[in-house]
Structure formats: structure tokens, C-alpha cells
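Q: The following comprises the amino acid sequence and a computationally predicted model.
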Amino acid sequence: MSLVEGKLPLRLKLIHGFGAVAFGVKDTGFSFFLLFYYSQVLGMDAGLVSLALLLALLVDAVVDPIIGNLSDRTYSRWGRRLPWLYAAPVPLAFAWVMLWSMPGGEAPTFWGLFGICVVVRLLLSACEVPSISLLPEITSDYVERTTLFRFRYLSGWLGGILMMIIAYGFLFTGESGLLNRDGYMTFGIIGSALMVISVVGSALGQHKLVAHIPVSKPPPFSLKACFSEIIEAFSEKAFLIFAVGGLAAYISQGLNFSLSNYLNVFVWRMDATSLPGLPDSVTGLSIYPLILFLSVVLMFNIVGPMHDRFGKPRSAWLGALGSVVLTIIPYGALLLGVWPQPGTFVSLAMVFTFLTIGNALGIVVMVSASSMIAEIVEAYLERTGTRAEGAFYSGNWLVQKCATGFGIFLSGQFLALAALSSDVTPDTVAPAVIDNLIMLYAGATIILMLIAGYWLGKFPISRADHEARIAAMKNPGLPQ
């Protein structure tokens, strides 16, 4: 049985979603700034940095199922999830600060970077896996689950966008811009504070609802049982279909995020584009986070109606198709020579228009995919009689982190293949280098998003299937 029947109160939606701010802070740091910071500012080889980030993600992905399984088996008067949400945020904050201010202020060794990235990611998982695993427990309603994911994605993106606004608007201004080394320490300190506030604040806000001894005491943890459960989770046909589509979508997201600063600066010259009527210090790069915010607001308003009209699978397919078309059009037009000169206001306005709609549709894909997991949880519960939210969401994180890590890894390799070295500037880079980077990025994006849309569109659990299953499980004698 779910903790709340019927429509969820707005306060609960806001509080539950608020916990995702920490994930948004992490995502912005890892995806937008970390590769640039360690390669362009500290001087590490971009390929080695991306490899360290990939390996750290793979370690995290393997450990995630253990965290999810331990979360499922936590038995306390505060329930299964809250102890994790109170214990992990403060250590995470200290590790996050260290990531952006390495001792001595110099570039770490490859293994030093790998080590701190592993610590940060594991602690973030100890916050995010239990937090998101609360969602199927809170409500079994098909529409309300989409609503909770809307609020989670909204909060996550707002946390990330807030860090972008702080970074682009205050920390990385002036001639040094993103090369300002001191700004990254402040970036880490502010981010760590947001992480603690969001995770602990969300836990406290939900405490009264979810803090109770679980109905039944779970069996003790064992490593064999943990991975057996994950293997059994992957045996669900619906989860396998989700995993293939999600894998492609997350690789594309990791690639897009980690290349954003390079594309925005070297291709579109946002840092050198002034805005009419505003001071010269306000550039296209300064308002880039606000454009992302508009796209998230657009997503928030269209994903619900899309799910109502088309269902989650078809919404994911339509979102992927629309996103890839709108994302690639500006780059294709630029290569063909029919796009306004980058660095001009006309070019900037057109890029932002395509970005707003394309990114909104891209997030629709992610919201649709994430919401599908909750339906898989009930299918597994009906088949086995076991609640395994943590196992499935950690399985989701396994897919996401492996894929995102591979996307970041691809970014480093694309930069190397395009021959974009750490000592060039937007004014001195060769046009052929930019063309190579665009073609690599565009080609990979088209392939990945079409694969994502195709497989997510084949997700086999419809709204009618889900509601029939929930109705059947509410009958006496069936697992609850």
C-alpha cells in the first residue's frame, strides 16, 4: 500500500523534489565544469581526466546496487530511507569542497582525481538512491508519480542552474573567465552548502510521513543476495527495454553536458556576445543558465499533458525525436554556411530559441524514462512478492552512471580527435578543429537519441496495465 492515497499535497511535492537539488549541483559540477577545470585550468590531459571520471562512475555504478539493497533492508524506527538521508550529506559536503580545491592548488595525479571522484559519487548515491526510492512508497498513482518526477527534475535543474548563475555571473567573470582558478574553490563551498540543505531539508520535511518501522523485517544483507536481486531485476523484460533506451539517452546527456562549455565558447562565442542595452560584462554566457531555466519551466508544463495524451513510452519517443532535430539544426546550418556569424546577437538569439525547446523535449525523455521505473517496481512486486525500490533505482543509477561516464569519456576523446588543445583560445583555434568537433558531436547525438527514443517507445507497461496491477494487489491476500 502507498503512504498517500489520491492527489498529493503541493507541500509534499515541493519537499520531496527539493532533495534533488543536491543531484543537480553535482550534475552541473561534474558535467559542465569538472572536465574543463582539470584540463584547461589545472593542465591535466583531457583524455586522462575523462578516463578518471569514467572509471569513478563505473566503480560507483557497481557499488550503487549495494547501497540500494542496504537501503531496502534498513530496519529502523525512522523507516528504510531516512537514516541514509541524515548520515550522508555532511561527509558529501566535505568531499565536494576537496574536489574543487585540491591540496596545494595543483593538478592531482590520475589516481588522486579518480579517488576523490569515487568518494563524492558514492556519498551522493547514499543520498539520491534512498531519496528517489521513497517515490513508489509515497504514491502508486500513475499521474501523481509523473508529478513527483516533474518536481524532482525541476528542483534538480534549478539547483544546477543556480550554480551556473553563480559561476557565470559572479565567479568566472572578467578577463580570466572560466580560467579563474580561485573561483572554483568558492564554487565548491557554495555547492556543498546547497547539498546539505537540500538533502537534510527534504528528509526533515518528509519525516512525519515516512518515519515508521517497516511492516515486515527484511532478511539480513548479503552480497550474494544483493547482486542476485539486481540480476533478477534485469530479468524483467520492461527493465531491459528501459535499460537499452536509458543507456543511449544518458550517454547523450553526458556527452552534451560535458561539451557544453566548449561548444558555447569555441563554437557559438557566447562569452564574446554582448546583449543590446546591457553592460558589456553581461554576455550570452551569463544568461545561458536562464535559458536552461526557461527550458525546464517549459518541460514542467508540457510533460504532464504529453503523458496524459500519449502515455510515457510515446512521449519519450516524441521527445527524443524533437530534441535531436532541434539540437542539430543550428550546427548543421553553421557547417553549411547558412547560419549567422557566431558571436553576433542574431546568432545567439537563434541558438537560444532552438536550445529552449530542444532541451525541454530532452528532459521530457528523462522524466518519462525515470517515471517508468516506478511501474517496473509493481510488476516485480506482483511477480515475487518483494519490495525492491532501492534495487531497481540503483539499477537505474548503474545504467545512468555507466552511460554518463561513457558520455564524458567520449567528450575527452572527441576533444582529442578534434585536436582542441589546452593552449588555444576561441580567437586562435583553427576553423577545421571546430568543424571536426561539431561533426563528432552531432553524429553521436543523432545516433544516441534515435536509439533512446526507439527503445523507450517500446516500453511494455501502459497506464491501463499499471492501474490493473495496482487494483489487483489491493485485494486481500496479495503482497503489499
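A: Good, I have the coordinates.

Q: For the rest of this, base every contact and every neighbour count on C-alpha atoms.
A: OK.

Q: Need the phi and psi values for Gly457.
A: phi -70, psi -20 (degrees, to the nearest 10).

Q: What's the first helix or strand after the worst-scoring helix or strand of the chain on mean pLDDT?
A: Scoring the helices and strands of the chain by mean pLDDT, DSSP states H and E places helix 223-234 at the bottom, with a mean of 71. Next along the chain after helix 223-234, taking DSSP states H and E as the criterion, comes helix 237-262.

Q: Give the rounded mean pLDDT of the very next helix or strand once past that next one.
A: Counting by DSSP H and E, the next helix or strand C-terminal to helix 237-262 is helix 284-336. Helix 284-336 carries an average pLDDT of 93.

Q: angle of the next helix-or-strand element following helix 284-336 against helix 237-262?
A: Note on helix 284-336: by DSSP H and E, the next helix or strand toward the C-terminus is helix 345-384. For helix 345-384 against helix 237-262, the angle by axes from the mean of the first three to the mean of the last three C-alpha atoms, to 10 degrees is 160 degrees.

Q: And the following helix or strand past helix 345-384, what's buried?
A: Note on helix 345-384: by DSSP H and E, the next helix or strand toward the C-terminus is helix 389-418. Within helix 389-418, the residues that qualify as buried are 389-415, 418, counting by 16 or more other C-alpha atoms under 10 Å.

Q: Who are the packing partners of helix 389-418?
A: helix 46-73, helix 110-138, helix 223-234, helix 237-262, helix 345-384, helix 431-456 (3 or more C-alpha pairs under 8 Å, 6 or more residues apart in numbering; DSSP states H and E).

Q: Could you save those helices as a markdown table and add columns showing mean neighbour count and distance to Pro89?
A: What follows is the helices and strands packed on helix 389-418, written out as a markdown table (neighbours: other C-alpha atoms under 10 Å; distance: least, C-alpha to C-alpha, whole Å):
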| stretch | mean neighbour count | distance to Pro89 |
| --- | --- | --- |
| helix 46-73 | 23 | 15 |
| helix 110-138 | 21 | 7 |
| helix 223-234 | 15 | 24 |
| helix 237-262 | 23 | 24 |
| helix 345-384 | 21 | 23 |
| helix 431-456 | 19 | 33 |
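
Q: Need the ones you listed in TSV (columns: distance to Met185).
A: Listed next are the helices and strands packed on helix 389-418 as TSV, based on distance: least, C-alpha to C-alpha, whole Å:
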stretch	distance to Met185
helix 46-73	19
helix 110-138	15
helix 223-234	38
helix 237-262	19
helix 345-384	29
helix 431-456	30
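
Q: Could you list the low-pLDDT ranges of the chain?
A: 1, 104-105, 229-230, 233-234, 387-391, 394, 397, 474-480 (pLDDT under 70).

Q: 50 instead, please
A: Along the chain, the model assigns pLDDT under 50 to residues 476, 478-480.
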